[in-house]
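Peer 1: Build the 3D model from these lines:
(one chain, ligands or ions: 1)
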Amino acid sequence: MYRRGPTCPTKATIPRKTVVLTGANCGLGRATAVELAKRKARIILACRDTRAAEDTVKYIRRRTKEGELIVKKLDLASLKSIKSFCLDMVENEKRIDVLVNNAGVGYCPFMRTDDGFELQMGVNHLGHFYLTNMLMEKLKDSAPSRVVVVSSAQYRKGKIDFDTINTDKDYDGRSGYFNSKLANCLFARELAKRLQGTGVSVHCIRPGMVFTRLGRHVDYHPVILALIKIPVWIMLRSPANGCQTTVYCAVAKELEGVTGRFYGECKEEPWADVALDDKLANDLWDYSVKVTNLVEEL
Ligand SMILES: NC(=O)c1ccc[n+]([C@@H]2O[C@H](COP(=O)([O-])OP(=O)(O)OC[C@H]3O[C@@H](n4cnc5c(N)ncnc54)[C@H](OP(=O)(O)O)[C@@H]3O)[C@@H](O)[C@H]2O)c1
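Peer 2: Purely as a prediction, here's the structure:
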């Protein structure tokens with residue numbers, strides 16, 4: 001029933017490689033965890049709801065006995081939670097070979113994180129910005145290692161305006177999502193630039209349109225919902241299919257040493273102009289350091 005996109009073109013396995021995967025308990029994250037477990041990875045399922053994550057472990061184990069699965073608490077809407085997760089990782093993990101920044105919220109009404117950031121920018125960008133930087137030394141020590149940033153094709157409609165980035169005035173959930181996904185792209189490019197020569201590569205991806213719970217905040221009229229159900233199934237991918245580009249960027253040997261590029265349909269795609277604004281990427285980095293109080297180590 002679902003629309004199908006390409007499957008990951010490599011059969012590479014990653015035994016003994018540790019993958020930190022955010023938002024692993026459902027949707028694309030859970031499907032990514034199944035695929036990476038089949039490829040023998042040691043996966044840290046970094047989730048805000050650890051009970052849901054334990055259920056996900058059972059779900060994965062019904063599909064494969066391969067790989068190792070570890071559940072850890074991580075709430076990307078709280079800098080305190082991110083810090084405590086990272087301290088645990090730094091102290092107790094020998095290496096982090098792949099960090100997959102997958103978790104996300106979409107199309108939400110105006111809400112704020114624990115630290116007062118608009119929720120979509122706060123979770124999708126600032127939370128992952130803080131997480132990635134706090135794990136950076138471990139990623140560098142584990143080089144060659146990778147960061148995979150899950151963005152969206154919708155980043156093309158995004159805009160970063162520092163005057164309105166954290167205000168509820170004229171807030172629109174769709175634009176808020178697009179802006180946060182553009183922030184993912186600008187972050188990925190800037191991070192790749194700052195990590196040149198370290199052996200840590202950065203890949204940014206779009207999964208395609210996938211049937212998940214991302215749209216849970218969109219309030220459709222029941223009649224509209226019934227009418228769009230069948231076309232939606234035809235247009236959307238299953239999570240198992242939608243996670244293939246993430247998996248490709250996490251495991252493909254041919255991507256070692258390649259960095260700062262965008263992928264969709266399991267192959268490289270050109271960045272849209274809006275993501276190629278180097279000044280904006282640098283300004284967003286500075287803004288993110290300032291609001292998260294990150295002590296910059298890069
Ligand atoms: N679905 C699509 O068509 C599509 C298209 C383009 C891009 N994407 C991107 O794909 C990624 C995964 O989304 P999805 O479609 O799989 O949606 P989903 O099914 O709603 O999954 C989102 C995941 O993020 C987690 N999450 C949300 N807020 C969090 C927080 N504060 N701390 C930690 N984890 C949190 C969720 O945990 P809970 O279960 O606890 O809420 C869930 O595990 C997102 O970055 C999204 O932007 C999706």
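
Peer 1: Tell me where the stretch 101-250 of the chain has helices.
Peer 2: With DSSP state H, counting those that start in this stretch as the criterion, the stretch 101-250 of the chain has helices at 119-120, 128-134, 136-141, 173-194, 222-235, 239-242, 244-251.

Peer 1: so who does the closest residue to the ligand within the stretch 51-200 of the chain touch?
Peer 2: Of all residues in the stretch 51-200 of the chain, Gly104 sits closest to the ligand, at 2.6 Å by Cβ to the nearest ligand atom. In this view, the C-beta of every residue, glycine as well, is placed from N, C-alpha and C. Shown in contact with Gly104 (Cβ atoms under 8 Å, 6 or more residues apart in numbering): 23, 123-124, 150, 180, 214.

Peer 1: Let's see if you can find the most crowded of these.
Peer 2: The most neighbours of any of the contacts of Gly104, using other Cβ atoms under 10 Å, belong to Ser180, which has 30 neighbours.

Peer 1: In space, what's closest to it - neighbours in sequence excluded?
Peer 2: Of all residues not flanking Ser180 in the chain, Asn124 sits nearest, at 3.8 Å (Cβ to Cβ, 6 or more residues apart in numbering).

Peer 1: ok now stretch 163-171, how far from the chain's centre?
Peer 2: Relative to the centre of its chain, stretch 163-171 is centred 24 Å away, using Cα atoms, centre = their mean, to the nearest Å.

Peer 1: Could you pick out the residues of the stretch 51-200 of the chain near the ligand for me?
Peer 2: Neighbours of the ligand within the stretch 51-200 of the chain, by Cβ under 6 Å from any ligand atom: 52, 74-77, 102-106, 123, 150, 152.

Peer 1: if you set the cut-off to 5 Å instead, what comes out?
Peer 2: Applying Cβ under 5 Å from any ligand atom, we find that the stretch 51-200 of the chain lies next to the ligand at 75-77, 103-105, 123, 150, 152.

Peer 1: now, which of those sits nearest Thr10?
Peer 2: Ranked by distance to Thr10 (Cβ to Cβ), these are led by Val150 at 18.8 Å.

Peer 1: For the closest residue to the closest one other than its chain neighbours, give me its contacts.
Peer 2: Residue nearest to Val150 in three dimensions, not counting chain neighbours: Asn102, with 4.5 Å by Cβ to Cβ, 6+ apart. By Cβ under 8 Å, 6+ apart, the contact set of Asn102 is 21-24, 28-29, 32, 148, 150, 246.

Peer 1: mind checking pLDDT for the residue of the chain most remote from its centre?
Peer 2: Largest separation from the mean C-alpha position in the chain: Val223, at 32.7 Å (Cα atoms, centre = their mean). We have a pLDDT of 79 for Val223.

Peer 1: Distance-wise, check it relative to Ile70.
Peer 2: 45 Å (Cβ to Cβ, to the nearest Å).

Peer 1: Okay, now stretch 253-271: how far is its last residue from its first?
Peer 2: The straight-line separation of the ends of stretch 253-271 (Cα to Cα, to the nearest Å) is 22 Å.

Peer 1: Let me fix that, I meant to ask about stretch 123-130.
Peer 2: 10 Å.

Peer 1: Next, the buried residues of stretch 288-298.
Peer 2: For stretch 288-298, burial by neighbour count (16 or more other Cβ atoms under 10 Å) applies to 288-289, 291-292, 294.

Peer 1: among these, which two are most distant?
Peer 2: Largest separation among these by Cβ to Cβ: Val291 and Leu294, giving 8.9 Å.
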